[in-house]
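In: only geometry, no sequence info:
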């Protein structure tokens, strides 16, 4: 019985919406814009967050980086103290490796911009990284074709190179197979032995797509290993069960002894962790998210006022019909459901259109930027929920008012 | 059916409660709530919406409004406890909701029993 009445009220509501197409369209436009605004902000923020977390993840959660400069910047950042610090050196790597007990893997890395060339194809300012053999066990990456360099190749400074997806495409256009081919890295011949899997754009700028990796002992032939511009660092990965704090304590002691620092002297190196980066970005994303929530929240409320306004007009126009329905035995909840459904339907339609627009935007953005922007399930659920709830909030007052009308008074209304 | 006159204190309390409920709505979109799970903003949204509906009922001096408000208050407290949201807003919410409920219960007998 109740279901039949509800079904009837839905049919009435749909009839009213179809009868006033332009009004229906204009009133759902407010919600469309509101949902579009808020879910677009969330989609972009979520995508950026996912990208950065992915980049941080590839550096390793349980990895500590021995560097010259710390990653944390505060208002009292004493940069002048760090200026004269020495950069980490390859010779320190072996010492750390020998003394450390809590290290699972350790590696050294330098990198700078160089020219890559193959036949007539030249890439300028390509990031060329020199890795020690162990760095491959610290950093996570995937090789889709070929292989990682062997330990003897790394130690002997063999002229072998692994290429990122973008570099390989640039040097070997027309689907040429790069493995086994010789390219020039900073003017030196180098054999391509591996290709990294395509990673896409990285917010931290550490995507493997734009990197060429050579053994450190080969890289030092054309890179200034003592220069800060080569950004040298040691990366140490903790053994399972060892916390980053424990690893940092051990590394601090070892590095101080290697550099012969007196007990009261300050450290002349920085120990950085990826979670420092994550924490910095968490704060940033929270601020952007809250700003988006406030702007989007109020734009949705404004859209809700539009729907409420239309519903008041709708009730006013159909007052005598309500009177006739009630005099023929329609219950209060039937009238309430009829108008409430109309409001919810309007709002939901607005929300769905808003979500479809965002979906179209993500598809268009995917073709323009090399970063994955996806409309996630949680944002779809949020968008639809907000639409329905706004429909209820904005439609309840006019719908309840309609349900409380006196049938005699309502029939008399013109 | 005779219309029940709305006392002035109910009018004031309902308006304040409506403002607080509507201001709580953007809270659904905050990153901290979103991070709790896909369905948490939906759950909190339903609670806020039902509180809004209950306040409309109270505005029209209907007993179902007070009943719904109390039920939603209990569900909200349980949900917040379940989510470990022991923050300032949780205790503030309990404080003002109990104050409102006291006001509503004072006038409960005068309210209409119909829908």
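Out: Looks like it arrived, so ask away. The shown structure was predicted, so the numbers you read here are calculated from the model rather than taken from an experiment. Numbers count the residues shown, from 1 in each chain, chains lettered A, B, ... in the order given.
In: contact partners for the residue most central in space within chain B?
Out: Nearest to the geometric centre of chain B sits residue B:51, at 3.6 Å (C-alpha atoms, centre = their mean). By C-beta atoms under 8 Å, 6 or more residues apart in numbering or on different chains, the residues touching residue B:51 are B:17, B:21, B:69, B:72-73, B:76. Heads up, the C-betas are built off the backbone N, CA and C, glycines and all.
In: backbone torsions only: list them for it.
Out: phi -60, psi -40 (degrees, to the nearest 10).
In: show the pLDDT at residue 52.
Out: Assuming you mean chain A. Per-residue confidence (pLDDT) for residue A:52: 78.
In: chain B, not that one
Out: At residue B:52, the model reports a pLDDT of 93.
In: check which helix or strand covers it.
Out: Residue B:52 is part of helix B:40-59 when elements are defined by DSSP states H and E.
In: buried residues in the next helix or strand after that helix?
Out: Following helix B:40-59 in sequence order, the next helix or strand is helix B:63-82 (DSSP H and E). With burial defined by 16 or more other C-beta atoms under 10 Å in any protein chain shown, the residues of helix B:63-82 counted as buried are B:63-66, B:68-70, B:72-73, B:76, B:80.
In: then stretch A:20-34?
Out: Across stretch A:20-34, burial judged by 16+ other C-beta under 10 Å covers A:24, A:27-28, A:30-34.
In: wait, doesn't residue A:30 sit right on residue A:309?
Out: No. Residue A:30 lies out of contact with residue A:309 (C-beta atoms under 8 Å); the separation is 9.5 Å.
In: what's near enough to touch the residue in chain B that chain A sits nearest to?
Out: Residue of chain B nearest chain A, by C-beta to the nearest C-beta: residue B:26 (3.0 Å). Neighbour list for residue B:26: A:293-294, A:296-298 [criterion: C-beta under 8 Å, 6+ apart].
In: kindly report the same for residue A:371.
Out: Contacts of residue A:371 by C-beta under 8 Å, 6+ apart are A:47, A:51, A:200-201, A:203.
In: and if you look at residue B:68?
Out: B:50, B:53-54, B:57.
In: also residue A:271?
Out: With C-beta under 8 Å, 6+ apart, residue A:271 has these contacts: A:64-67, A:248, A:251-252.
In: look up how far chain B lies from the closest residue to residue A:207 other than its chain neighbours.
Out: Of all residues not flanking residue A:207 in the chain, residue A:199 sits nearest, at 4.7 Å (C-beta to C-beta, 6 or more residues apart in numbering or on different chains). Distance, residue A:199 to chain B, using C-beta to the nearest C-beta, to the nearest Å: 25 Å.
In: quick one: residues contacting the nearest residue to residue B:47 once chain neighbours are set aside.
Out: Spatial nearest neighbour of residue B:47, chain neighbours left out: residue B:76 (5.0 Å); criterion: C-beta to C-beta, 6+ apart. Residue B:76 makes contacts with B:47, B:51, B:93, B:97, as judged by C-beta under 8 Å, 6+ apart.
In: same check, this time on residue B:115
Out: Residues in contact with residue B:115, defined by C-beta under 8 Å, 6+ apart, are A:332-333, A:336, A:403, B:62, B:64.
In: how about residue A:294?
Out: The contact partners of residue A:294, taken as C-beta under 8 Å, 6+ apart, are residue B:26.
In: residue A:248: what's it in contact with?
Out: Per C-beta under 8 Å, 6+ apart, neighbours of residue A:248: A:64, A:271, A:273.
In: with pLDDT and secondary structure added, can I get these in CSV?
Out: Formatted as CSV, those follow (pLDDT from 0 to 100; DSSP: H, G, I helix; E, B strand; the rest coil):
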residue, pLDDT, secondary structure
A:64, 91, strand
A:271, 90, strand
A:273, 86, strand
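In: out of those residues, who's nearest chain B?
Out: The shortest gap between chain B and any of the contacts of residue A:248 belongs to residue A:273, at 21.7 Å (C-beta to the nearest C-beta).
In: got a list of contacts for the worst-scoring helix or strand of chain B on mean pLDDT?
Out: Between all helices and strands in chain B, the lowest mean by mean pLDDT, DSSP states H and E belongs to helix B:31-34, at a mean of 78. Applying C-beta under 8 Å, 6+ apart, the contact partners of helix B:31-34 are A:42, A:45, A:285-286, A:289-290, A:293, A:378, A:382, B:27, B:40-41, B:44.
In: which pair of those residues spans the longest distance?
Out: Greatest spatial distance in the contacts of helix B:31-34: A:285 and B:44, 20.6 Å, computed using C-beta to C-beta.
In: of those two, which one has the most company?
Out: Taking neighbours as other C-beta atoms under 10 Å in any protein chain shown, residue A:285 and residue B:44 compare with residue B:44 leading, 22 against 17.
In: does the more buried one touch residue B:30 like I think?
Out: No. In this structure, residue B:44 is not within contact of residue B:30 by C-beta under 8 Å, at 10.3 Å.
In: ranges for the helices of chain A?
Out: A:2-19, A:21-59, A:79-82, A:90-99, A:135-138, A:151-156, A:165-171, A:216-219, A:244-258, A:274-317, A:319-327, A:332-368, A:377-403, A:407-412 (DSSP state H).
In: tally of neighbours for residue A:101?
Out: Residue A:101: 9 surrounding residues under other C-beta under 10 Å.
In: chain center to the least confident helix or strand of chain B: distance?
Out: 21 Å (C-alpha atoms, centre = their mean, to the nearest Å).
In: got the buried residues for stretch B:51-64?
Out: B:51-64.
In: for residue 90, give me its contacts.
Out: Using chain A. Residue A:90 touches A:108, A:132, A:216, A:220, A:225, A:232, counting by C-beta under 8 Å, 6+ apart.
In: think we crossed wires, I meant chain B
Out: Residue B:90 neighbours (C-beta under 8 Å, 6+ apart): residue B:80.
In: measure it to residue B:18 for me?
Out: 20 Å (C-beta to C-beta, to the nearest Å).
In: go on, residue A:270?
Out: Distance from residue A:270 to residue B:18, by C-beta to C-beta: 54 Å.
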